[in-house]
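Q: A structural model of the following input is requested.
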Amino acid sequence: MEQATKWAIDPTHSEIQFKVKHLVISTVTGFFKSFEGTLESDSEDFNGANVNFSLDVDSIETNQNDRNNHLKSDDFFATSKFPRINFKNGKLHKQGESTYELKGDLTIKEVTQPISLEAELGGVAGDPYGNTKAGFEVSGKLNRKEFGLTWDAVTEAGSVVVGEDIKLHMNVQLVKS
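A: Numbering: from 1, shown residues only. Down below sits the predicted model:
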């Protein structure tokens with residue numbers, strides 16, 4: 001059996017983004033600035049690859065300090081008690097020419113739920129420094145309340161302030177170890 005090929009996320013060329021409805025009428029976009037992850041694969045086409053990922057919740061950024069601080073508070077992520085979001089036991093399952101399903105266990109605030117995401121391989125290429133890189137675009141959605149993010153407020157008119165569904169979008173560049 002051949003040795004598994006190890007890849008690590010290149011944070012300089014990767015981004016983790018989320019979108020959530022605000023007042024039902026518009027969308028707020030945020031991202032996490034600090035994260036790390038690995039992929040281990042026995043095959044050239046990444047089918048069956050193992051994926052693990054972790055992010056620093058305190059690195060959340062929504063371009064608005066009050067909102068950032070509210071998200072870090074006990075109303076939402078409680079970053080002082082739960083500083084990381086983890087994705088473990090991830091497995092890539094090839095679906096088509098460059099499409100995959102990524103299944104794994106997502107843990108937010110000590111609540112672990114299985115999650116399924118869509119992944120698309122952008123390709124594999126060498127960079128000018130002799131490194132081999134692979135690019136994936138990963139997307140999906142989750143219900144925040146299933147992970148203990150239950151804070152709610154309703155306006156006088158009855159509009160929900162923060163939507164339940166969170167859309168995830170990640171552009172990830174991996175570097176071969």
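
Q: Can you name the residues bridging to V111?
A: I108 (DSSP bridges).

Q: thought it was touching E146?
A: Yes. With contacts counted by Cβ atoms under 8 Å, V111 reaches E146, the gap being 7.4 Å. (Each C-beta comes from the backbone N, C-alpha and C, glycine too.)

Q: those helices in the chain, which residues are they?
A: With DSSP state H, the ranges of helices along the chain come out as 65-72.

Q: mind showing which ranges of it have poor pLDDT?
A: For the chain, applying pLDDT under 70 flags the ranges 1-2, 22-25, 151-163.

Q: ok, which stretches of it are strands?
A: Counting by DSSP state E, residue ranges of the strands within the chain are 5-9, 15-22, 26-32, 35-41, 50-56, 60-61, 84-94, 99-108, 111-126, 132-143, 162-176.

Q: Make JSON lines out of the ones you listed and add distance to K72.
A: What follows is these, written out as JSON lines (distance: least, Cβ to Cβ, whole Å):
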{"stretch": "strand 5-9", "distance to K72": "23"}
{"stretch": "strand 15-22", "distance to K72": "14"}
{"stretch": "strand 26-32", "distance to K72": "12"}
{"stretch": "strand 35-41", "distance to K72": "16"}
{"stretch": "strand 50-56", "distance to K72": "11"}
{"stretch": "strand 60-61", "distance to K72": "7"}
{"stretch": "strand 84-94", "distance to K72": "13"}
{"stretch": "strand 99-108", "distance to K72": "13"}
{"stretch": "strand 111-126", "distance to K72": "17"}
{"stretch": "strand 132-143", "distance to K72": "19"}
{"stretch": "strand 162-176", "distance to K72": "15"}
